[in-house]
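Q: model the structure of this input:
(2 chains)
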Amino acid sequence: MFGGASRNRLRGNRLSGNGYTAQGNNFGIGIEGTGTNDNVVEHNTITGNTNGLYMTAGVQGNIIRRNLIVGNPPIQVDLDHPSAKGVDIKNQAQSGANTFQSNRCLTAVNAPCPAVKRQPEEKNK
Amino acid sequence: MIGLKISLWSGAFLGALVMGMGNAHATDIGGTISTTLTITEDSQLVDDVTCTVTGAPCIAIAGPNVTLELNGFTMTGQADAQTACAGGTPTFSENGIDVESQTGGGIGIRGPGLIQRFRGPGIFLHNSTGVTVTGVTVSTNCFSGILVGGGSDHQISGNVSVRNGNPVAPCGGI
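A: Numbering: from 1, shown residues only, chains lettered A, B, ... in the order given. Model prediction:
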């Protein structure tokens, strides 16, 4: 999503194997550019992409919750293209500008990524 | 023999139905599309589609409350089968399904169905409002599988997006 796309809901999608390693900023799901705000990204499975979730500076009000975001990039990319430096969540927006809740991930920049285990609020669902 | 004749006739009819057609109301779509097919009423795929349109969308949805049912069929563009962007010059506007500046709401793109090998995005929602995309598989498209540029209030759910991307622009699954 880019160019001021707002109030969209991305739910229950499966995204894998997306992105060119050499580009570095390809992704499973992207939230890009000023005004791309107030979107909800939930219950998606995002694995094996150049980056998992990619957010640029300036985006705000987006809610990222209950997604499985792991294995971005896959290990063969890490090993064969160490300069790629992809992660599961790459958040370049200001801290606190967007909301992250109960995502399962392993690597992140400027986003909580505690573990892949279930978070407390998910246990009874 | 009768079955074969019916099948051949159907194939010829479908090919003739969409080839070179610029605008269409309720349409059964299949065969080859060589110029952008613009639909303004509910339509469906009734066979696989091969798109030979260059530098423009394959199917464009115009008008509110229009649903395109893919019915399990495949739309295939002209990009490279392995790397998409290596299949000639990447062309942003050469996408599979295009929704451009439609703000009336009620537009739907429904799978199951596969949109693959376009030199632009598989599906491009640009400056539009209230589009629903569900159950679609988008694969091996240059730029993003489903690209949302501007606009608002879309519901994008239950889709599978794999092997999309771009060597220059930040793109990917959705």
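Q: tally of neighbours for A:G35?
A: 14 (other C-beta atoms under 10 Å in any protein chain shown). No exception for glycine: its C-beta is placed from N, CA and C like everyone else's.
Q: again but with B:T103, I slipped
A: Applying other C-beta under 10 Å, we find 12 residues neighbouring B:T103.
Q: for it, list the residues it contacts.
A: B:N127, B:S128, B:T129, B:G130, B:G151 (C-beta atoms under 8 Å, 6 or more residues apart in numbering or on different chains).
Q: show me where chain A has its strands.
A: For chain A, the strands defined by DSSP state E cover A:9-11, A:14-16, A:29-31, A:40-42, A:45-47, A:53-55, A:63-65, A:68-70, A:89-91, A:99-101, A:104-105, A:108-109.
Q: possible to save those as JSON lines with distance to B:T50, mean pLDDT and mean neighbour count?
A: Output for the strands of chain A, formatted as JSON lines (distance: least, C-beta to C-beta, whole Å; pLDDT from 0 to 100; neighbours: other C-beta atoms under 10 Å in any protein chain shown):
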{"stretch": "strand A:9-11", "distance to B:T50": "29", "mean pLDDT": "98", "mean neighbour count": "20"}
{"stretch": "strand A:14-16", "distance to B:T50": "26", "mean pLDDT": "98", "mean neighbour count": "23"}
{"stretch": "strand A:29-31", "distance to B:T50": "29", "mean pLDDT": "98", "mean neighbour count": "29"}
{"stretch": "strand A:40-42", "distance to B:T50": "34", "mean pLDDT": "98", "mean neighbour count": "20"}
{"stretch": "strand A:45-47", "distance to B:T50": "31", "mean pLDDT": "98", "mean neighbour count": "22"}
{"stretch": "strand A:53-55", "distance to B:T50": "33", "mean pLDDT": "98", "mean neighbour count": "28"}
{"stretch": "strand A:63-65", "distance to B:T50": "38", "mean pLDDT": "98", "mean neighbour count": "19"}
{"stretch": "strand A:68-70", "distance to B:T50": "35", "mean pLDDT": "97", "mean neighbour count": "22"}
{"stretch": "strand A:89-91", "distance to B:T50": "37", "mean pLDDT": "97", "mean neighbour count": "25"}
{"stretch": "strand A:99-101", "distance to B:T50": "43", "mean pLDDT": "96", "mean neighbour count": "15"}
{"stretch": "strand A:104-105", "distance to B:T50": "39", "mean pLDDT": "96", "mean neighbour count": "22"}
{"stretch": "strand A:108-109", "distance to B:T50": "42", "mean pLDDT": "96", "mean neighbour count": "17"}
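Q: could I get those strands as a markdown table with distance to chain B?
A: A markdown table is the format used below for the strands of chain A (distance: least, C-beta to the nearest C-beta, whole Å):
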| stretch | distance to chain B |
| --- | --- |
| strand A:9-11 | 4 |
| strand A:14-16 | 3 |
| strand A:29-31 | 5 |
| strand A:40-42 | 9 |
| strand A:45-47 | 7 |
| strand A:53-55 | 7 |
| strand A:63-65 | 13 |
| strand A:68-70 | 12 |
| strand A:89-91 | 10 |
| strand A:99-101 | 18 |
| strand A:104-105 | 16 |
| strand A:108-109 | 15 |
